[in-house]
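Undergrad: Have a look at this prediction, sequence included:
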Amino acid sequence: MIDGIVELLRGMGITLSHLFKKPVTYQYPEEKRPVRYRFKGRHELKRYDNGLEKCIGCSLCAAACPADAIFVEASENTDAERFSPGERYASTYEINMLRCIFCGFCEDACPTEAIVLEDKYELSFYDRASAIYTKEMLIVPVPEGGQDTPQITEPGMFDRSIPDMENPK
Amino acid sequence: MTHIILRHHDVENIHELSVYQANGGYEGLKKAFSLGPKAVIDEVKKAVVRGRGGAGFPAGLKWGFIPGGDMQKYIVINTDESETGTFKDREILEKNPHQVIEGALIAAYAVGATKIYNYWRGEYMDAAYACEKAIKDCYASGLLGENILGSGFSCDFYNHFGAGAYICGEETALLNSLMGDLGQPWSKPPFPAQEGLYGKPTVVNNVETLANIAPILVNGADWYVGLGTDQSNGIKVVCLSGHVNRPGNYEIEMGKVTYHQLIYGEEYGQGMRDDKGFKALLPSGGSGPVVTADALDADVSFEGLNPFGSMMGSASIIVMDEDTDMVWATEKMTHFFKHESCGKCTPCREGTFWLEKLLIKINKGRGTQEDIQKLERVATQIQGKCLCALGEFATSPVLSTIKHFMDEYKAKVNTAVPVPAD
Amino acid sequence: MSDLVTIFVDGIELQVEQGATVVDASKRVDVDIPVFCHHPKLEPVGMCRMCLVEIGMPMRDRATGEPVLEEDGSPQINWGRGLQTGCTVRVADGMRVRTTTDVVDEARENVIEFLLTSHPLDCPICDKGGECPLQNLTMAHGLGESAFDFDSKMQNEKHVPLGELIFLDRERCIQCARCTRFQDEIADDPVIGFHNRGRALEIVTLSDPGFDSYWSGNTTDICPVGALTTADFRFGARPWELIPVASISPHGPEGANITMSTRQEAKSGGRVVIKRIMPRQNELVNEIWISDHTRFVHHFADAADRLTKPLIRKGGVLVETDWDTALTTVAEKLQAAGSSAAGLSGDRPSNEDLFAFQKLFRQGLKSHHIDLAASRIAGGDVTAQVGIASGSNLLDLGRGDVIVVVASDLHEEAPIWWLRVKQAAERGAQLVVLNVRPTRLDKFATHLVHYPVGEAVATVRQLLGAAQISDGASDQIGKIAEAIVGATNVVAFYGYEGLTYAETDVLAKSLANLLQVKNSDGHSHVGRVNNGLIAVWPHNNTQGAWDMGIHPALAPGYQSVDQPGRSAAEIYSGVQDGTVQTLFVMAADPVGDGLMNGRGLLDFLVVQELFLTETAKVADVVLPAQSWAERDGTFTNGERRVQRYYPAIQPVGESRPDWQIIEQIGHKMGLDKPHFAASLVFKKGIAAGVPQYSDMDYRSIAKVEKQYPDVGGEDLYYGGTSYENKHGLGQQWTSAAESGDVAMFTVPDVTPSAAGALPVIRTAALYTPGTLINRSDVLSPRMAQPTLHLHAADADRLSIATGDAVIVSVNGQSLQLSAHVNGAAPQGLALINGVSYAAGVLDAKIETA
């Protein structure tokens, strides 16, 4: 009998001790949980510091995508209307978030590190059409000091797609 | 010794037609007319005149490959003398042009060609003008043109300038250039003897080779076979240059003179410049492997340098003294080959560029031990894979200097300032 | 056949023709020797050094000539001193080839490493990436790593226009010379070449305008890297995203086999569009080449101004309507007109369309008033008798054979045939060219006759006379006749340049009789393989139109009708004088072509078209048809080869296939229910109704067999992903002469069209402006400008200089032209070019504007 009371008190003690601990739950959506460093959330299309887009429209992400969620169409840059370094840029870039499985293969395939799975994870839609994220939705804002695309650039300045070819380290 | 090719040393003004004729000139041609074409080829075959341009292919055999029949045939004289350190053909054609013209006419008569093209290196303008005068004289005296010397044989002679490309010394590149195309060699077969200039049978001979022909016909093949060694008949004009006291063209009997004699002999080089020590020599311009002092006792002949892994080639001997920086010298030679690569085949086009790049790096003191290995690897990578001999030649200075002067490479690499990592 | 030799490739014994290269021979046993510069259609050069292999020959004793044997009795092999290029070495009996040894592997690794030292690694943005021989061979034979410093890669111009159609990326070029050799050897347009030397070797264009050749697009196909790209496809899509669809060129009588690469695009509103057109290998038709016209003309299929809905005239204007209303109206009107209704068709639609069209008139309306809207050249009935025999291949013609080309500028009218005739001439065939003026073919002619204006027919008759007498006359005509009669094989082409329809009829019949003249062996040149007549038809399916009976006097299969209907000319005059009240025009624009003056006194005009043409604008009902890219069907080429094409894109708007529209009209008139598919129209209609087609169906036309040289395999050594032909080599129908002797033709008399002081003829240009080509923006800079070509003497007399604006009045029409005084026109004859068709020798007035 005494034993029973001791056990009961011990149990209540644990409960009591938790009253003074920091709670593990978050008050989502008011309060958002920070994600881990290697979290794979919604994609972003990155820019260089000067504002030019990193994406060159090579479609390798689309080729690597196991869910066939990515669609790319390329067009040609000119110095009068430049979106990215080199000759080619993505004029259409769409990801169907209903199809995406967030595997990150697109990131691996990207030769310019243009597409990165970032930390946004709030993806919900009311209809199928709005599940398709266009380039405008995916691309990051122009960094400070940079210019929005299309830019007018000097001839010869950005004629290579992959600016510095380096030896494999 | 009386000269057989460089006869202007013995006879003054032999470049004049009258002087040449007064000294037995064009007797060989007359002899040829009396023998008939077949006998001429047999005579030249018997004399075994190995090509003096470097490859050493017997001229008589070459002529023998020309098919019979009535089609147009051509003789092309290869005066695109662009090998580094070679300047014999220029002297022969400038000072004793008629002997070459006579040789070419005999060749034309023997194979049934009616047109002779002399393909000049672009830079040899002045020598070509001298030769042009000789041709004019020949036409005036009935030695060229219709019905030469009443023999019924007609032949024309044209001088043509290249634009200054080493590769046009290669016979097929020469023919391409002569036809107005890009000076790039073609992959043989077809050999020029079957389909050469304008798709017709063509003999391409070196100037010096042709200069040997007339004396052979006059004196007989046996006389010629008596000169030189078993494998190298006759005489050779060697071009001596570099760190010697008396550079120049010297006519020697093959196999009878050693490289040592050539450098130190009183009648030849008269010793090293400033009495410095001997380090190395290039026996065949840039294209033959470097040899060192141990090869000095070899005789100058086609086979003389075989034991030392090198060759006589066109016998353009560049002598280097003890102060020569061999890595620097290799870079210069490699630059030459890179500059002269026609770009047709991949290993030569890309390989020569890469070799030079590595040598510059090493010479600038930025090289590493790995770069020497890389250099050797790239050179072997080129070897045996090229369309023509140029790529092959480009590797020989690199590989031979690495073999003989590894310490110099190592010294450059060891003192190298490490490049800071970026 | 040439002699066979036995060789051993990696131990596999095989027999190949003497003269084959080791690379091509090895392909026969599926041993792929990697290549970059080599191309089986080009002369070997051996410059990339990728194909280095070990080649050995059995040793022979020098003294006795006997083979030297190993101890086990096998021949001792001399492997030579080093590696040899498999592309330049020709096979010889007993040859051994080793392609998998370490030394060969190492050589391949080395060459790849060298090539990559100056090749940029921009595969992600390269149009060739994914179908690139360099990529493929690097994956297959490359080392995977390189000791080379990437930072000393070449940095060259990446965007060099070699003309309006082709772009060059200098960095990517690996100097294989395939493009320059193609232009020199195959196209005979040496307009691009190498410049500089060594690593600076680069391609430059030598012509003005740049890369001025009808064949330029082919260089992008054979380029083993992405150095050459077309302006049309540049960055259009990645190759792996494209869906290949087999098709047939919608232009020209050669019937070039093509592949259309299609893709669904957001840019085009989610529609599937044609991204590019590439050749499909058919060694019997176009080998692996297509003209730039074929390659770039496809834009009309996607043009924004395509008709999307049926139109009907209400209150004087054309308004959109639904199909049922349109079809009912047409059916009622046609039925009311009955046997007086007339039909005109173009010669572009498929056999199914044309068959349905004539069936509607002949069976539905009991009317024979059907004809081609614009007939330029007669002789379908002649080629049906003595046309080039089935099983023929122009590729087989060579030494001992004769090719005759009369009154045609093949280079402009049928470029593929020009190419094949030229190549046959280079292989040793004697080429006889008869024309009124110099053409591109003259250069290759063994016998060249420039007959005086108006004497085409007379010249051919003279030739026929000389051949029939064969008295060994030593004049030129006599020699030509002797060559033709004595030849092993003879193929004769005839065209219509400067001739009227009646003249071409005489020409066809005279040539047919010429081919029928028997030589001393009792052989004639008809009914045998590689012999016969070919008409240089103006369009892709003129032959099919003849076969399907689009003719007032010939029902399908050349069966003559009891009471011939009105010909096109009679229909046009009937339209003006009111005797023709109801007219159906399919795929033609007689008003736009100046053949019909408005709608005349027509009561009812229905036009079935892709676009709102001049004729459609005056129609009562306009029916939107589908272009060839949207559906399937068959075309019959000038060699009578029936070939299938497949649907590539979705229908534009509500458009329907021509045959379906016609059958739906017929159904409303009480004929059979429309067929479910084009294949059934072929099976139940054509195969049953056209005797020549009775042994064909869609399956037999789609048969394929392995073709050599093997360029379309999965190895992709020869560039291009489209070559492989999986969808049919077509089927040639048998001419009458093959199954028995045909009678000599009775050749009618004809008066040549009258000529004025300076006769003028209209000559063809490949890029002559027209309904279809005008919609291809990429070709617009190359479009033939309206030009008058004059001989210097005539120009002096008229005081006209090059560049002058002139007005030429032809058939009551005034043409604004720019004058060119050059070698194109002979003295006493002016040529007009870049303008719409006009038949015969024109009595034209030339004035300076």
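TA: Yep, that arrived.

Undergrad: contacts, neighbours, all on C-alpha from now
TA: Noted.

Undergrad: Any idea which residue of chain A lies closest to chain C?
TA: Checking chain A residue by residue against chain C with C-alpha to the nearest C-alpha singles out A:C58 as nearest, at 5.0 Å.

Undergrad: confidence score at that residue?
TA: pLDDT recorded at A:C58 is 93.

Undergrad: Around chain B, which positions in chain C sit nearby?
TA: Taking C-alpha under 8 Å from any C-alpha of the partner chain as the criterion, the neighbours of chain B within chain C are C:45-49, C:52, C:82-83, C:88, C:107, C:110-111, C:114-115, C:117-118, C:147, C:175-176, C:194, C:197-201.

Undergrad: returning to what we had before: can you tell me which residues contact the residue of chain A closest to chain C?
TA: Applying C-alpha atoms under 8 Å, 6 or more residues apart in numbering or on different chains to A:C58 gives the contacts A:V72, A:A74, A:R88, A:Y89, A:A90, C:P124, C:I125, C:R238.

Undergrad: Mind doing that once more with 7 Å?
TA: Contacts for A:C58 were tallied using C-alpha atoms under 7 Å, 6 or more residues apart in numbering or on different chains; they are C:P124, C:I125.

Undergrad: Buried by neighbour count: which residues of stretch B:403-416 qualify?
TA: With burial defined by 16 or more other C-alpha atoms under 10 Å in any protein chain shown, the residues of stretch B:403-416 counted as buried are B:F405, B:Y409, B:K410, B:K412, B:V413, B:A416.

Undergrad: Which residue, neighbours along the chain excluded, lies closest to the second one?
TA: What sits nearest to B:Y409 in space, not counting adjacent residues and going by C-alpha to C-alpha, 6 or more residues apart in numbering or on different chains, is B:V327, at 6.5 Å.

Undergrad: what comes into contact with whichever strand or helix holds the one you found?
TA: When elements are defined using DSSP states H and E, B:V327 is found to belong to helix B:326-340. Counting contacts by C-alpha under 7 Å, 6+ apart, the residues outside helix B:326-340 that touch it are B:165-167, B:286, B:352-353, B:355-356, B:359-360, B:363, B:394, B:397-398, B:401, B:409, C:198.

Undergrad: What mean pLDDT does the top strand by length along chain A get?
TA: When chain A is parsed with DSSP state E, its longest strand is strand A:88-96. When pLDDT is averaged along strand A:88-96, the result is 94.

Undergrad: Just confirm B:Y250 is within a strand.
TA: Yes - the assignment for B:Y250 is a strand, going by DSSP: H, G, I helix; E, B strand; the rest coil.

Undergrad: Next, count neighbours for it.
TA: B:Y250 sits with 19 neighbouring residues when counted by other C-alpha atoms under 10 Å in any protein chain shown.

Undergrad: ok, now C:T259?
TA: 28.

Undergrad: Secondary structure element holding it?
TA: Secondary structure assignment for C:T259, by DSSP H and E: strand C:257-264.

Undergrad: residues touching the residue positioned nearest the centre of chain A, list them.
TA: Ranked by distance to the mean C-alpha position of chain A (C-alpha atoms, centre = their mean), the top residue is A:H43 at 2.6 Å. By C-alpha under 7 Å, 6+ apart, the contact list for A:H43 reads A:I115, A:V116, A:L117, A:E118, A:L138.

Undergrad: State the pLDDT value of the fourth one.
TA: Note on A:E118: pLDDT of 92.

Undergrad: That one: neighbour count?
TA: Should you count by other C-alpha under 10 Å, A:E118 turns out to have 16 residues around it.

Undergrad: got a list of what residue 89 touches?
TA: Since you didn't name a chain, this refers to chain A. Contacts here follow C-alpha under 7 Å, 6+ apart; on that basis A:Y89 touches A:C55, A:I56, A:G57, A:A74, A:S75, A:E76, A:N77, A:F83.

Undergrad: meant chain C actually
TA: Contacts for C:V89 were tallied using C-alpha under 7 Å, 6+ apart; they are C:T21, C:V22.

Undergrad: So it versus B:Y250, what's the distance?
TA: Here the criterion is C-alpha to C-alpha, to the nearest Å. By it, C:V89 lies 42 Å from B:Y250.

Undergrad: same check, this time on C:A487
TA: Distance of C:A487 to B:Y250, given as C-alpha to C-alpha: 65 Å.

Undergrad: hmm, back to that, report all helices and strands that the strand holding C:T259 contacts.
TA: Contact analysis of strand C:257-264 by 3 or more C-alpha pairs under 7 Å, 6 or more residues apart in numbering or on different chains; DSSP states H and E lists strand C:243-248, strand C:272-279 as its packing neighbours.

Undergrad: quick one on the thing from earlier: find the residue closest to the residue nearest to the centre of chain A in space, skipping its chain neighbours.
TA: A:L117 (4.2 Å).

Undergrad: try C:D749
TA: In space, not counting the residues next to it along the chain, C:D749 is nearest to C:V506; the distance is 7.4 Å by C-alpha to C-alpha, 6+ apart.
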